[in-house]
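**Q** Just a sequence and a predicted model for now, questions to come.
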Amino acid sequence: MLEWRRLTFFVFLSNSAFDRARKEFAMRRVAITGMGVVSPIGIGVEAFWQSVKAGICGIAPITRFDTSPFACRIAGEVKNYKAIDFFEHRLVQRTALFTQFAMIAGQEAWNDAGLNQFTFDDPNRCGVLLGNGIGGLEVDDEAHRKLYEKGNTRIPAMTIPKMIANEAAGNVSMLLGIKGSAHVVVTACASGTDAIGFALDRIRSGRSDVMLTGGTESTITEYGIGGFCQLKALSTNFNDTPHRASRPFDKDRDGFVMGEGAGIVVLEEWEHAQHRGAKIYAELAGFGASADAFHLTAPSPDGEGAVRAIRLALQDAGLKPADVDYINAHGTSTPTNDPIESKAIKTAFGEHSSKLAVSSTKSMTGHALGAAGGIETIITALAVREGFFPATLNLDEADPECDLDYVPNKGRMGTIGAALSLSLGFGGHNSVIAVKKV
C-alpha cells in the first residue's frame, strides 16, 4: 500500500509538472512568416489568392491519360506545369511530381519569409515537417507497368527513392540547406494540417525556432483515379461540366473531385521573427487532433471526433467559440462528409454556429488529399489578414442537413479576428488549426 501511495503521489507531481510545462509552451507565440503554393488555380501565392478571391474554379477534364474507360474524367490538375521550367533535367528525372510541387512551394515560402538571406547560428533550430498522403503514385504506376510488360529488370532505377513519401521533405531540406529535423506525416487527408500542427508544437516545445511545413500531393493517375472510382468516392455526374462538379453542401453533390499541389508555410517563434524584422501574416494559435476509432473511410455519423478536435484547437488557442468568425471546412462534396461536418460544427459552436461564415474552397481547387491542409491553411491565414470570406462555389440549393452560412458562390469582405481550418482524413483522422489576426 505504501509503494502504491508513493507511486500515486509521484504521478500526481509528474502530471502537475507536465501541465505547467504545457502552459509554458503554449505561451510561446508562433507566427506565419512565409507562404508558398502550387495549385490548380495558380502557382505562387499572389496568383493563387487572386483566383480564390475571384472564385475561379480549377477543375477541368484530365489531360494526362485517356479517361474514356473511367467513370470520373475530371480533376483539378496544376495548369500548364512543366517541370523543366523550374528544375534542371537531371533533377526532374530524380523526383516525383509531389516532391517537385513541395520544392517549388517550399522555395517560395522560404524566400517570402526572407530566410534566403538569413543564417542560423545553430542549424538544428530550423526543420522541415511536411504532410503527404500517398507519395509518388505516378512513379508507382510506371514501375508496375514496366514490371508486368517487360520484366523486373526494366523497373526504373530511381523508382523507390522517387515514390516514398519522405522524399519530399528530404529534397526540400537539401534544396534549402535546412539541417534540422526533416519529417513527413502521413494521415491521409489530414496530413497537411497535422504536419502544421506538429510543427507548431515543435516550436512551442523549444526544439525549433523555424519550421517549414505544410502538405504536398499528386495522385491524378490512372491508378489513383481508378482506385477512388472503385470506392465510389469521386464525382461522376458532371464530366461534361467539370467546373460544376465540386459542390460542397449542395443537395446535388455526388462525390469529391481530385486535386493536387502543395501548400507550405514558414512558422516562426514570435520573438525570433520580430528580432529579424520578418513580416507576420497571422498567428498560428492552436491545434487539435483526434481519431474517430470508427471506420476505415467514413467519418463517425455523429461527428464526435471532429467536435473533439475543434474543441481542442479552441482550448489550445485560448479561444472561445464566440471568438471565431470563419471556418475553412473540410467540405469534400461527398454525400457522407458534408452533413456530418456541419453537425460537428453546430455541436462544437452551439448557438454561435449560426453567426459563423463557413466555406469549402475545395469547390475551387478540388481535394488535394495530403496537400489540402497546407493549401487551406494559406487560404485561412490570408482570409484573416485581409478580412475576406472565400466562397463555396456551386452551392445552388443547400442540402437540408447543411444549414450554415456557407458563403454561397461569391466571397465577401468582413471582419475576421480568428478562424479555423478543418481536415478530416480516411482512417478517422481529425485535425484542426486555429489562426488569429495580428
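**A** That came in fine, so what should we check first?
**Q** for the stretch 1-150 of the chain, what spans make up the helices?
**A** Taking DSSP state H, counting those that start in this stretch, the helices of the stretch 1-150 of the chain run over residues 2-26, 45-54, 89-93, 97-112, 137-150.
**Q** Least confident of these, on average?
**A** For these, the weakest mean pLDDT is recorded on helix 2-26, namely a mean of 49.
**Q** distance between stretch 431-438 and the chain's centre?
**A** How far stretch 431-438 lies from its chain's middle: 13 Å, per CA atoms, centre = their mean, to the nearest Å.
**Q** Okay, buried residues for that stretch please.
**A** 431, 432, 433, 434, 435, 436, 437 (16 or more other CB atoms under 10 Å). The way it works is simple: take the backbone N, C-alpha and C, and place the C-beta from them, glycine included.
**Q** Same check on stretch 59-79?
**A** Within stretch 59-79, the residues scored as buried using 16+ other CB under 10 Å are 59-60, 62, 67, 70-78.
**Q** got it, and stretch 45-62?
**A** 45, 48-49, 51-53, 55-60, 62.
**Q** start to end distance for it?
**A** Stretch 45-62 has an end-to-end distance of 24 Å (criterion: CA to CA, to the nearest Å).
**Q** List the contacts of it.
**A** The contact list for stretch 45-62 (CB atoms under 8 Å, 6 or more residues apart in numbering) reads 35-37, 39-42, 67, 73-77, 79, 108, 112, 220, 225, 239, 242-243, 245-246, 257, 259, 361, 363-366, 378-379, 382, 388, 390-391, 393, 409-411.
**Q** Just the ones of those in strands?
**A** In strands, defined here by DSSP state E, the members of these are 35, 36, 37, 39, 42, 74, 75, 388.
**Q** Which strand residues bridge the last one?
**A** Read it as residue 388. residue 413 (DSSP bridges).
**Q** again with the second one
**A** Using DSSP bridges, the bridge partners assigned to residue 36 are residue 264.
**Q** Let me know whether it touches residue 103 as I believe.
**A** No - Residue 36 is beyond contact range of residue 103, at 9.6 Å (criterion: CB atoms under 8 Å).
**Q** So between the two, which is more surrounded?
**A** Remark: of residue 36 and residue 103, residue 36 carries more neighbours, 30 against 25, as counted by other CB atoms under 10 Å.
**Q** Do you know the pLDDT at that one?
**A** You'll see residue 36 listed with a pLDDT of 98.
**Q** State the distance from it to residue 104.
**A** Per CB to CB, to the nearest Å, residue 36 is found 7 Å from residue 104.
**Q** any common contacting residues for those two?
**A** Taking CB under 8 Å, 6+ apart as the contact rule, residue 36 and residue 104 both touch residue 262.
**Q** Show me what residue 419 is bridged to.
**A** Beta-bridge pairing of residue 419 under DSSP bridges involves residue 326, residue 435.
**Q** Surely it touches residue 324?
**A** Yes - assessed by CB under 8 Å, residue 419 is found in contact with residue 324 at 6.5 Å.
**Q** what touches both of those two?
**A** The contact lists of residue 419 and residue 324 share residue 434, where a contact means CB under 8 Å, 6+ apart.
**Q** Would you convert the ones in strands among the contacts of stretch 45-62 into JSON lines that also reports distance to residue 346?
**A** What follows is those, written out as JSON lines (distance: CB to CB, whole Å):
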{"residue": "35", "distance to residue 346": "31"}
{"residue": "36", "distance to residue 346": "34"}
{"residue": "37", "distance to residue 346": "31"}
{"residue": "39", "distance to residue 346": "30"}
{"residue": "42", "distance to residue 346": "33"}
{"residue": "74", "distance to residue 346": "31"}
{"residue": "75", "distance to residue 346": "32"}
{"residue": "388", "distance to residue 346": "24"}
